[in-house]
Structure formats: structure tokens, C-alpha cells
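S.K.: how does the following fold in three dimensions:
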Amino acid sequence: MNQKPVHSGHRQRIRQKYLASEFQDFNQHEILELLLFYGIPRKDTNETAHRLINEFGSLSAVMDAPVEKLRKFGLPENAAIFLHMLPQLGEMYLNDKNYNFKKIYTVGELKKKIMINLLQNNQNTVLLYLFDTIGTELFSGPIKTGYIDNSDELISKIVGIAMKYNAVTAVIAHNNYSGILYPSPTVINMTEKLKSSLQAVSIRLTNHYIVSDDNIFSMAESEEFCNIFKRQFSEGVK
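M.R.: Sure thing, here's the model as predicted:
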């Protein structure tokens, strides 16, 4: 009878450990061992991971090592190149995540971006975000410093920018250093006026977010105010 290898099933256990907690419960050599699974098939990578960490001192030092030096430790060329390109891949990922203005944002990602942008400000600010048909960001940035108001000047400015970028949808956000998340009558009135003004030029207002401290309030997701954002372009249509 053929005896199973000592490490039979070990790779699957490591993968399951990652799926359960990502890298939270991993030692550096275990992270490296998992990465090497994808460059060294069907071979125990535990010992190799230990040797590399002991030689270079840390996970990051292994990844920063030249390909030729990694090859001297018995790594196949594919595995050595894979490890070496991970830091550059990570840098490209972060640049794309934070600075790619053509990115299509999910609601959760947009909320995080709004929180980061507004919490960095030390004064009240109104932000505008514009998107095309598929949700690609066309414009994002501050359009007013100070408290939000329902002036025709502010609304006209938003509509003008939205038309300039040929936007299909728009989102606005503002912060409130008073600590109040609930929209004031001024904010509610401004949102309704802006919705109507944008609708007149075939642009849909999809949300108005209010940020205070580390909290964010979504008017479109609240039962009380969601009707402001519904049935746009459908009034009078059965």
C-alpha cells in the first residue's frame, strides 16, 4: 500500500486557514509558504519558506531580494519572479485603488472615499461626485467651503459642473462639525431643489451623504428621505 506523504492535505489546510482569517493568524514563514504554493506545485514549501526567512530576515526582505539570489536558494524561476513582483504589484494596486478616477465604485467604496475626504478637512465642506452610465467616476472634489445652503448659486454651480462632464448620475456629501447627522430643513430643501434642477437636464441625483465624526448618514438609504431620490424621470409616466 502506498503511504501518503507527510504533508498530504497540508496545502488545503493552509488555504482554509487563510480563507477563515486571511493573514491575521499567520506567521511570516506561513505567508511565504502559502505564496510559494503558486510558484512551486506539488512540493513541500514549508522548509523553503523557513530557510528564506532565516536567510533574509523578513518577508519583505525576501520579496525585495533579486531574482538571481532567490534562485540560489533553489527556487524555480517562476517562483522567484512571482515573489519579486509582489511589492510592485502591491504598489500598483494601491495607486489604482486610491487615484484611479476611472474606477467604478461600489456604494461601500464610495462611502469610504467620502469619509476619508471629509475627515481630512478641518472645516465644513461640500463634495460632489459625478458618474457615467456604468458608474465610472467622471469628477470628484470640493465645490463649497462652509455650511451647506440651498442657494441658487450653489445649485447652479453643481448643475453646471454636472453638465460640463456629461454626467448621468450625481452624489453630494457634506460634513457637519456640530455632531448632528440628521439632515436639517435647509439640507432637505437643498436636496429636493438640486434633484429637480438636475432632473431638468436629465441627470439623476442618487444620494446625499452627511458625515459627522466617524459616522455617515445616507439620505437615499433612510426610510424617511429615500423618496426624494426615487421616481426621477418618471413623473407622469404610468
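S.K.: give the contact list for K113.
M.R.: K113 makes contact with 105, 140 under the criterion C-beta atoms under 8 Å, 6 or more residues apart in numbering. The way it works is simple: take the backbone N, C-alpha and C, and place the C-beta from them, glycine included.
S.K.: can you start the count at 386 instead of 1 from here on
M.R.: Okay, residue one is now 386; in that scheme the one you just asked about reads as K498.
S.K.: G545 versus that one, what's the distance?
M.R.: When distances are taken as C-beta to C-beta, to the nearest Å, K498 and G545 turn out to be 23 Å apart.
S.K.: what of N561?
M.R.: If you measure N561 against G545 using C-beta to C-beta, the figure is 25 Å.
S.K.: those two: which is more packed in?
M.R.: Neighbour totals were compared for N561 and G545, and N561 leads with 20 against 11 (other C-beta atoms under 10 Å).
S.K.: my guess is that one contacts I595, does it?
M.R.: Yes: the pair N561 / I595 is scored as a contact, 6.0 Å apart, by C-beta atoms under 8 Å.
S.K.: and I601, how many neighbours?
M.R.: For I601, the count of nearby residues is 18 (other C-beta under 10 Å).
S.K.: tell me the contacts of it?
M.R.: Taking C-beta under 8 Å, 6+ apart as the contact definition, I601 lies against 496, 499-500, 566, 594-595.
S.K.: please, a ChimeraX command that selects the buried ones among these?
M.R.: If you want just the buried ones from those in ChimeraX, going by 16 or more other C-beta atoms under 10 Å, the selection is:
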select :496,499,500,594,595
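S.K.: can you pull out the low-pLDDT segments for this protein?
M.R.: Low-confidence regions of the chain, defined by pLDDT under 70, span residues 386-393, 482-489, 506, 616-623.
S.K.: determine the longest helix present in it.
M.R.: With DSSP state H applied, the helix covering the greatest number of residues in the chain is identified as helix 462-484.
S.K.: all strands of the chain, in order?
M.R.: Under the criterion DSSP state E, the chain carries strands at the ranges 510-516, 522-530, 554-560, 589-597, 600-603.
S.K.: about what we covered before: and the longest helix of the chain, which residues are buried?
M.R.: For helix 462-484, the buried set under the neighbour-count rule, 16+ other C-beta under 10 Å, comprises 464-465, 467-469.
S.K.: quick one: which of these is nearest F610?
M.R.: Set against F610, the nearest of those by C-beta to C-beta is F467 (49.8 Å).
S.K.: I'd like to know how far that closest one sits from K497.
M.R.: Distance of F467 to K497, computed by C-beta to C-beta: 30 Å.
S.K.: please apply the same query to S406.
M.R.: To K497, S406 is 22 Å away according to C-beta to C-beta.
S.K.: who's more crowded, these two?
M.R.: K497 (13 against 10).
S.K.: which residues are contacting stretch 450-467?
M.R.: Around stretch 450-467, the neighbours that count as contacts under C-beta under 8 Å, 6+ apart are 420-421, 423-425, 433, 436-437, 440-441, 447, 468-469.
S.K.: quick one: which of those residues is most hemmed in?
M.R.: Taking other C-beta under 10 Å to define a neighbour, the member of those with the most is L437, carrying 27 neighbours.
S.K.: looks like that residue contacts L417 (just checking).
M.R.: Yes: A contact is recorded between L437 and L417 when judged using C-beta under 8 Å, the distance being 6.2 Å.
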